[in-house]
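S.K.: no sequence for this one, just the structure:
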């Protein structure tokens, strides 16, 4: 049977390549002409920001790996060598270190957007679950990377966290021995962590590709939570979202640059500039700031095994939220009760972060226990009950009506104004309206 001739909508060299490997056609369809709801705000820019941050982490990580030595005797000295002797090594190290922190800032804002606007609901359940998997992989990669400088907090953080696996019945001690590569955190542990740091990082890239693919199958959610019904309610991703995402990225990485050049060690711990010493335990062992809420949950439970279960479940239960929350309404904009509970959940996150940085004693333990209780009550009890019994506000018929309601000040994204009550602006027709957040 004769093979059909290769065809492409493009001409020249691009057409020749596209006929044999249709990547240009794919980019045109899935990027240039991909349609998204016209009312997306800057919360939807964090997906692109996260991809840029991931690329920055991989590039700077590759440069650092060329000079780093994964040895208990040489790791700390090799990091100092990168900082002092390698051309722009200090910049690569600080960029990688602070990019990890900003990566978590962006992902927390990304998760908040998904929670607040109901992006986890049908038909985006798998998209949400893939996001939770990415978050677990991020935590693992960041923890392994934190151990590599082999400072005091790196060593003792690795010792404390890996010891948590010993709480697993029957197999716990064997898992810890396997992770360590021996009977203590030492040279072989650092070698394993260095390799796993890279393997899981590329695992993140793979799951991100699945995450983006799932997004392009279901399409983007939007602040109204209403699916577009006609083409006039959507715009092409390029140039509309491209310009918005680039502006958002400019602001985000501008803040990143300020921290990078003016306070590069602000988000780190000073003890990590002391070489690891197994004989000297730091007065207070704490993980990086982005782990603190879950560290507080771990310490809030007196039993070691139950503490580990609570810590893992606090993240894992997010994957079940599409089924726990039974409301037919997606966006918190139209859910008067759930929006307050969700904002309280955000406050709870920051309270747990604050408590996680404090010693596990006195009032801090009680606050952590209250915060942990609300975390699980929100997910396991409030989500099903409020979703079933809450009376939502009137939903607009389409995205156009949603935008009209927002311009008239009838709805706002938050239950309280972000602007002074007297602040007014004029719309295109000249009518005074209250700004909608």
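M.R.: Yep, that arrived. Predicted, not measured: the structure shown is a model, and the values here were computed from it.

S.K.: domain parsing of the chain, as residue ranges.
M.R.: The chain breaks down into these domains under automatic domain parsing: 11-285, 289-394.

S.K.: once you drop chain neighbours, what's closest to residue 200?
M.R.: Of all residues not flanking residue 200 in the chain, residue 141 sits nearest, at 4.7 Å (Cβ to Cβ, 6 or more residues apart in numbering). Quick note: C-beta positions are derived from backbone N, CA and C, even for glycine.

S.K.: endpoints of stretch 9-25, how far apart?
M.R.: 8 Å (Cα to Cα, to the nearest Å).

S.K.: what average pLDDT does that stretch get?
M.R.: Across stretch 9-25, pLDDT averages out at 90.

S.K.: so that it lines up with my notes, have the first residue be 568 from now on.
M.R.: All set: I'll call the first residue 568, so the last point we hit is now stretch 576-592.

S.K.: point to the residue nearest the middle of the protein.
M.R.: Closest to where the C-alpha atoms of the chain average out (Cα atoms, centre = their mean) is residue 674, at 2.1 Å.

S.K.: what helix or strand does that one sit in?
M.R.: Here residue 674, judged by DSSP states H and E, is contained in helix 656-683.

S.K.: for the helix or strand just after that helix, buried residues please.
M.R.: Counting by DSSP H and E, the element after helix 656-683 in chain order, helix or strand, is helix 692-714. Residues of helix 692-714 classed as buried: 692, 694-714 (neighbour count, 16 or more other Cβ atoms under 10 Å).

S.K.: about what we covered before: hang on, the residue nearest to the centre of the chain packs against residue 703?
M.R.: No. Between residue 674 and residue 703 there is no contact under Cβ atoms under 8 Å: 11.6 Å.

S.K.: show me where pLDDT drops low in this structure?
M.R.: For the chain, applying pLDDT under 70 flags the ranges 568-571, 985-1004.

S.K.: would you state the strands of this structure in chain order?
M.R.: Using DSSP state E, the strands assigned to the chain run over residues 602-604, 801-803, 992-993, 999-1000.

S.K.: pretty sure residue 812 contacts residue 615?
M.R.: Yes. Shown here, residue 812 and residue 615 form a contact pair, counting by Cβ under 8 Å, at 4.2 Å.

S.K.: those two: who's more crowded?
M.R.: Each of residue 812 and residue 615 has its neighbours counted (other Cβ atoms under 10 Å); residue 812 has more, 22 against 18.

S.K.: what residues are up against that one?
M.R.: Residue 812 sits next to 612, 615-616 when contact means Cβ atoms under 8 Å, 6 or more residues apart in numbering.

S.K.: sorry, back to before: quick check, the residue nearest to residue 767 in contact with residue 766.
M.R.: No. Assessed by Cβ under 8 Å, residue 708 is found out of contact with residue 766, at 9.2 Å.

S.K.: measure the residue nearest to residue 767 to residue 807 for me?
M.R.: Separation of residue 708 from residue 807 (Cβ to Cβ, to the nearest Å) stands at 33 Å.

S.K.: quick one, what contacts the nearest residue to residue 617 once chain neighbours are set aside?
M.R.: Leaving aside its sequence neighbours, residue 617 sits nearest to residue 673 (Cβ to Cβ, 6+ apart; 5.1 Å). If a contact means Cβ under 8 Å, 6+ apart, then residue 673 has 613, 616-617, 620, 819 as its contacts.

S.K.: what's the closest of the residues you listed to residue 737?
M.R.: Checking the contacts of residue 673 against residue 737 by Cβ to Cβ gives residue 617 as the nearest, at 38.4 Å.

S.K.: neighbours around that closest one, how many?
M.R.: Using other Cβ under 10 Å, residue 617 is surrounded by 21 other residues.

S.K.: do the same with residue 854
M.R.: By the criterion of other Cβ under 10 Å, residue 854 has 21 neighbours.

S.K.: now it: phi and psi?
M.R.: phi -80, psi -180 (degrees, to the nearest 10).

S.K.: quick one: it from residue 824, how far?
M.R.: Residue 854 is 26 Å from residue 824, by Cβ to Cβ.

S.K.: quick check: closest non-adjacent residue to residue 853.
M.R.: Nearest non-adjacent residue to residue 853, counting by Cβ to Cβ, 6+ apart: residue 924, 5.7 Å away.
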